[in-house]
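Asks: Coordinates only, no sequence provided:
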């Protein structure tokens, strides 16, 4: 980084100072020493973020307490075993008895687990709800969808992401969806739409603003988030999981390394993922309809795409193609390309806090409070 000695600090330098939480007075010169100091401070800051990121592992985020609201004695067990919480609640028993297991987390987020949001494949569909412990009404919300190639994974995989969104003031809902081993496509998007309709229908109960519901997804979950965003009210993807007359619209999307379109066996298409990943017998017409690229229009909500250049699972060109299509349709779009980072890069040390803060900032700018970011005329100089 080079900074001129004759002018004010650039906006990029100002941003760096803000992120590092240091004063420009710490490095007053525009010399090479200035650049070296910035590099050192960045390294230190990322090291600290990495340490904080490791603290967000599942092992270290065990709950302060679990409780059965109905105080059923059979929901409690001593000597917790796998599937049971550290506080002694047997989650399987509690679910069978129709209880919602409530977890209070010290970091300021209250979590309700195993909440039923609809039905699919003849069974209940469950989600975990992460609410800011500070309460409030008219809060923004985010449906958070896990990855796993449409064949594996669970909502617990996005627990840390949902927790960070809860800390940022969102009601985050980590929802399951049926996987390919249980039900054939399009069951996955049916359940995603069911979750969105439940969010809209439950706005008062959840204390959220139904006009401020975003979708945040990872890999296969990013595909579902993007597809849902581009197909509000689209009957083939609606399913019959509940609340049929309720909106399924989302106001913004953040998609990590998303499959944007598909290719059939023996076919080559830039940035495409294999259609057989969705279903072995997927037809060409189904593959085309399942592609977020096929549903891009001027009505598409603001979208953020995040991907690493070393992704060996989803071609990085998928994000480039989708970004280009959204821009061409006049959709507010932001693209984050991380040099040398692989698929699932948010799990790397220090990355989770960084990328989720970026996502929260994007959602704040395009969905929660866009008026705060409207600047008329020249931007004022930094304070």
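Replies: Right, received. Where do you want to start? As the structure is a computational prediction, the values presented were derived from the model and not from experiment. Residues are numbered from 1 along each chain as shown.
Asks: Return the backbone torsion pair for the nearest residue to residue 169 once chain neighbours are set aside.
Replies: Spatial nearest neighbour of residue 169, excluding adjacent residues (Cβ to Cβ, 6 or more residues apart in numbering): residue 132 at 5.5 Å. Where C-beta positions appear, they are placed from N, C-alpha and C, glycine not excepted. Per-residue torsions, residue 132: phi -60, psi 130 (degrees, to the nearest 10).
Asks: What's the local residue count around residue 132?
Replies: Other residues near residue 132 come to 19 when the count uses other Cβ atoms under 10 Å.
Asks: Report pLDDT for it.
Replies: At residue 132 the predicted local confidence, pLDDT, stands at 93.
Asks: Does it touch residue 171 like I think?
Replies: Yes: in this structure, residue 132 sits in contact with residue 171. The criterion is Cβ atoms under 8 Å, and the distance is 7.4 Å.
Asks: what do the two both touch?
Replies: Overlap between the contact sets of residue 132 and residue 171, as judged by Cβ atoms under 8 Å, 6 or more residues apart in numbering, is given by residue 139.
Asks: who touches residue 217 in this structure?
Replies: With contacts taken as Cβ under 8 Å, 6+ apart, residue 217 has the following neighbours: 144, 145, 147, 223, 224, 225, 226, 253, 254, 255, 256, 258.
Asks: which sections of the stretch 251-383 of the chain are below the confidence cut-off?
Replies: In the prediction, the stretch 251-383 of the chain carries residues with pLDDT under 70 at positions 377-383.
Asks: hey, where'd the strands end up in it?
Replies: Applying DSSP state E, counting those that start in this stretch to the stretch 251-383 of the chain gives strands spanning 252-256, 262-263, 273-274, 303-308, 333-338.
Asks: Domain-wise, how is the protein divided?
Replies: If the domains of the chain are taken from automatic domain parsing, they occupy 7-22+33-55, 64-103, 107-373, with pieces of a single domain joined by a plus sign.
Asks: hey, which of the ones you listed is tucked in deepest?
Replies: Each of these was assessed for mean neighbour count using mean count of other Cβ atoms under 10 Å. The highest is domain 107-373, with a mean of 20.
Asks: just how off-centre is it within its chain?
Replies: Between the mean C-alpha location of domain 107-373 and the chain-wide mean there is a distance of 6 Å, by Cα atoms, centre = their mean, to the nearest Å.
Asks: all helices of the stretch 251-383 of the chain, in order?
Replies: Assigned by DSSP state H, counting those that start in this stretch, the helices in the stretch 251-383 of the chain fall at 284-289, 317-328, 351-363.
Asks: angle of the last one against strand 333-338?
Replies: So that's helix 351-363. Here helix 351-363 runs at an angle of 170 degrees relative to strand 333-338 (axes from the mean of the first three to the mean of the last three Cα atoms, to 10 degrees).
Asks: So which elements touch helix 351-363?
Replies: Helix 351-363 is packed against helix 32-55, helix 159-167, strand 252-256, strand 303-308, strand 333-338, with contacts defined by 3 or more Cβ pairs under 8 Å, 6 or more residues apart in numbering; DSSP states H and E.
Asks: For residue 199, which residues are in contact?
Replies: Residues in contact with residue 199, defined by Cβ under 8 Å, 6+ apart, are 117, 141, 143, 173, 206, 208, 210, 213.
Asks: and what of residue 272?
Replies: For residue 272, the contacting residues are 260, 261, 262, 263, 315, 318, by Cβ under 8 Å, 6+ apart.
Asks: so what's the third one bridging to?
Replies: Beta-bridge pairing for residue 262 (DSSP bridges): residue 273.
Asks: That one against residue 275, yeah?
Replies: Yes: counting by Cβ under 8 Å, residue 262 touches residue 275, with 4.1 Å between them.
Asks: which residues do those two both contact?
Replies: Counting by Cβ under 8 Å, 6+ apart, the common neighbours of residue 262 and residue 275 are 282, 287, 290.
Asks: Please tell me I have it right and the last one contacts residue 273.
Replies: No: with contacts defined as Cβ under 8 Å, residue 290 does not count as touching residue 273, sitting 10.2 Å away.
Asks: which neighbours do these two share?
Replies: Going by Cβ under 8 Å, 6+ apart, residues that sit against residue 290 and also against residue 273 are residue 262.
Asks: Strand 303-308 and the helix or strand hosting residue 224, what's the angle between them?
Replies: Assigning secondary structure by DSSP states H and E places residue 224 in helix 220-230. Between the axis of helix 220-230 and that of strand 303-308 there is an angle of 160 degrees, by the same axes, to 10 degrees.
Asks: What's opposite the most centrally placed residue in the chain in the beta bridge?
Replies: When the chain is reduced to its mean C-alpha position, the closest residue under Cα atoms, centre = their mean turns out to be residue 216, at 2.9 Å. In this structure, residue 216 bridges to residue 144, residue 254 when assessed by DSSP bridges.
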